[in-house]
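Asks: With the sequence up front, the predicted model follows.
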Amino acid sequence: MNDSPKSPMQEIWQCQPVEGLKMSVEEIHHRAEKFEKKIMWRNVREHLSGLVAAVLFGSFFVKSHDPLFRTACGLLIAGLAYVAWQLYRKGSSRNLPEHLGSESSLQFYRKQLEQQRDLAASVWSWYLAPLVPGLVLFAVSSALADPRPRKLAALALYYGFCVALFIFIRQLHTRGARCLQRLIDELYAAERPSSQEL
Amino acid sequence: MSEAGAIPAVRSTQDELYSEAASSYGPALERLAHAYEADPDLRRDLLQEIHIALWRSFEGFNGRCSMRTWAYRVAHNAATSHVIRQRRAKGQGLVGLEELENLQDVSSGRDADRNRSLARLMDLIQRLKPLDRQVILSYLEGLDAASIGDITGLSPGNVATKVHRIKSILARRFNAGGNDNE
């Protein structure tokens, strides 16, 4: 601790009223368990939309007799499952790591940003690409099922929108990854001794 | 087989370390949570999250740094995770000390009211990027430059530069923080 006299702002800061939260060890055990459950449900909620879509495609798969359409449904379900697994594995909102105290704040923050950057930079391979085979096969089976020009035009319009959306998502994430990289570079610079120290 | 209700040795040490840290640094952790989260409900959640993270972390406490450094690191890292999550959800922008130095403070001037000063200080801290926030909080808690370096991982030169900036910002905005006594 610094032995020099406190500045007025340090005085104001350290004398601010606090609630004085006190938790017994038993309470901490109990709350830690509750907290783990809360995190689990938060993860379940995050994957809920994917689950709903998978159930929907699953019902199409069961009801349809068209092999191409059924394959498309199967591919989309597999794609959604892969995305959900990647989301879980890459830990977008998992529990806090246990080594929080062994890393300096700068290392910890940098690792968090690097993880986000990698997620954003590779969004095509883990988030968009797994859905492409199913979507393409859907387009093919729809076109074969009803090849009238008006239907084909509507289909082309719909899939054109999908392609534009995919490109937009990818570009947005690529830009996000570049912004994160700038922050990461700043943190590397802050860790290195400054020119005056060398 | 252990007796019913007996606590394993590791768990017992973990519990003791947590109790010691919570009683020594509890108020500082509360001030820290306040500086990271303005919303009272979210702040309570964050403080609870910090305490749980602290308890869990002591399972791997290796004694290579002081308990104070360990506790502050855990608290700052847990709070930084919270800020990242919240910023993603709300799309908030944060600024660095350098930008803050150049920003005009519309309500600057001598402020005799401690509560108002504290509220303004809190507002200023909550706008900062995580690393700068960690340095200013450590400075306000009265930690020396070496301890700030241990907690944040910043080089001594960078700590000195940031602390100098903090003092200048506090002096300019509150006419109070420029006590150059370190």
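Replies: Yep, that arrived.

Asks: Tell me, please, the helix or strand in the chain that averages the lowest pLDDT.
Replies: Answering for chain A, as no chain was given. Within chain A, no helix or strand scores below helix A:25-46, which has a mean of 80 by mean pLDDT, DSSP states H and E.

Asks: Chain B is the one I meant
Replies: helix B:97-102 (a mean of 69).

Asks: How about chain A: which residue is closest to chain B?
Replies: Closest residue of chain A to chain B, C-beta to the nearest C-beta: A:Ser104 (2.7 Å). C-betas here are computed from N, CA, C, even on glycine.

Asks: With adjacent residues omitted, what lies nearest to that residue?
Replies: B:Gly153 (2.7 Å; C-beta to C-beta, 6 or more residues apart in numbering or on different chains).

Asks: list the buried ones in the lengthiest helix in chain B?
Replies: In chain B, assigned by DSSP state H, the helix with the most residues is helix B:9-36. For helix B:9-36, burial by neighbour count (16 or more other C-beta atoms under 10 Å in any protein chain shown) applies to B:14-15, B:17-19, B:21-22, B:25-36.

Asks: by contact count, what packs against it?
Replies: helix A:25-46, helix B:40-57, helix B:67-90, helix B:114-126, helix B:130-140 (3 or more C-beta pairs under 8 Å, 6 or more residues apart in numbering or on different chains; DSSP states H and E).

Asks: can you redo those as a markdown table with distance to A:Leu119?
Replies: Listed next are these as a markdown table, based on distance: least, C-beta to C-beta, whole Å:
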| stretch | distance to A:Leu119 |
| --- | --- |
| helix A:25-46 | 14 |
| helix B:40-57 | 22 |
| helix B:67-90 | 11 |
| helix B:114-126 | 26 |
| helix B:130-140 | 19 |
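
Asks: how much space is there between B:Lys129 and chain A?
Replies: For B:Lys129, the distance to chain A equals 8 Å [C-beta to the nearest C-beta, to the nearest Å].

Asks: List the contacts of the residue lying closest to that residue once chain neighbours are set aside.
Replies: Nearest residue to B:Lys129, sequence neighbours excluded (C-beta to C-beta, 6+ apart): B:Leu94, at 4.7 Å. With contacts defined as C-beta atoms under 8 Å, 6 or more residues apart in numbering or on different chains, B:Leu94 is in contact with B:83, B:87, B:127-130.

Asks: Just the buried ones among those, please.
Replies: Counted by 16+ other C-beta under 10 Å, those give B:83, B:127-130 as buried.

Asks: where are the low-confidence patches of the chain?
Replies: In the absence of a named chain, chain A is used. Within chain A, the set of residues satisfying pLDDT under 70 comprises A:1-4, A:91-98, A:194-198.

Asks: switch to chain B, that's the one I care about
Replies: Ranges of chain B meeting pLDDT under 70: B:1-11, B:87-93, B:95, B:100-112, B:175-182.

Asks: Spatially central residue for it, please.
Replies: Geometric centre of chain B, nearest residue: B:Leu32, 4.3 Å, by C-alpha atoms, centre = their mean.

Asks: Who are the contact partners of it?
Replies: Contacts of B:Leu32 (C-beta under 8 Å, 6+ apart): B:50, B:72, B:75-76, B:79, B:137.

Asks: mind checking how far the residue of chain B found nearest chain A is from A:Ile184?
Replies: Residue of chain B nearest chain A, by C-beta to the nearest C-beta: B:Gly153 (2.7 Å). Between B:Gly153 and A:Ile184 the computed distance is 14 Å (C-beta to C-beta, to the nearest Å).

Asks: ok, those two, which is more surrounded?
Replies: B:Gly153 (23 against 17; other C-beta atoms under 10 Å in any protein chain shown).

Asks: pretty sure the more buried one is touching A:Tyr188, no?
Replies: No: with contacts counted by C-beta atoms under 8 Å, B:Gly153 stays clear of A:Tyr188, the gap being 11.0 Å.

Asks: sorry, back to before: run the chain-centre distance for the longest helix of chain B.
Replies: Put simply, helix B:9-36 sits 13 Å off its chain's centre (C-alpha atoms, centre = their mean, to the nearest Å).

Asks: If you count neighbours, what's buried in the strand or helix carrying B:Gly157?
Replies: Assigned by DSSP states H and E, B:Gly157 falls within helix B:156-174. Under the neighbour-count criterion of 16+ other C-beta under 10 Å, helix B:156-174 has B:157-163, B:165-167, B:169-171, B:173-174 buried.

Asks: ok, and does it reach over to chain A?
Replies: Yes: using C-beta under 8 Å from any C-beta of the partner chain, helix B:156-174 reaches chain A at B:156-158, B:161, B:167, B:170, B:174.

Asks: Now do B:Leu140 against A:His47, distance only.
Replies: 41 Å.

Asks: same deal with B:Ile136?
Replies: Taking C-beta to C-beta, one finds B:Ile136 at 38 Å from A:His47.

Asks: what about those two, which has more around it?
Replies: B:Ile136 (27 against 16).

Asks: Now do the same contact list for the nearest residue to that one once chain neighbours are set aside.
Replies: Counting by C-beta to C-beta, 6+ apart, B:Ile166 is the residue found nearest to B:Ile136 once chain neighbours are left out, at 5.1 Å. The contact partners of B:Ile166, by C-beta under 8 Å, 6+ apart, come to B:97, B:135-136, B:139, B:177.

Asks: can you do 7 Å?
Replies: B:97, B:135-136, B:139 (C-beta atoms under 7 Å, 6 or more residues apart in numbering or on different chains).

Asks: With B:Ile136 instead?
Replies: B:125, B:128, B:166.

Asks: 10 Å instead?
Replies: A:9, A:13, B:35, B:97, B:100, B:121, B:124-125, B:128, B:148, B:162-163, B:165-166, B:169-170, B:177 (C-beta atoms under 10 Å, 6 or more residues apart in numbering or on different chains).
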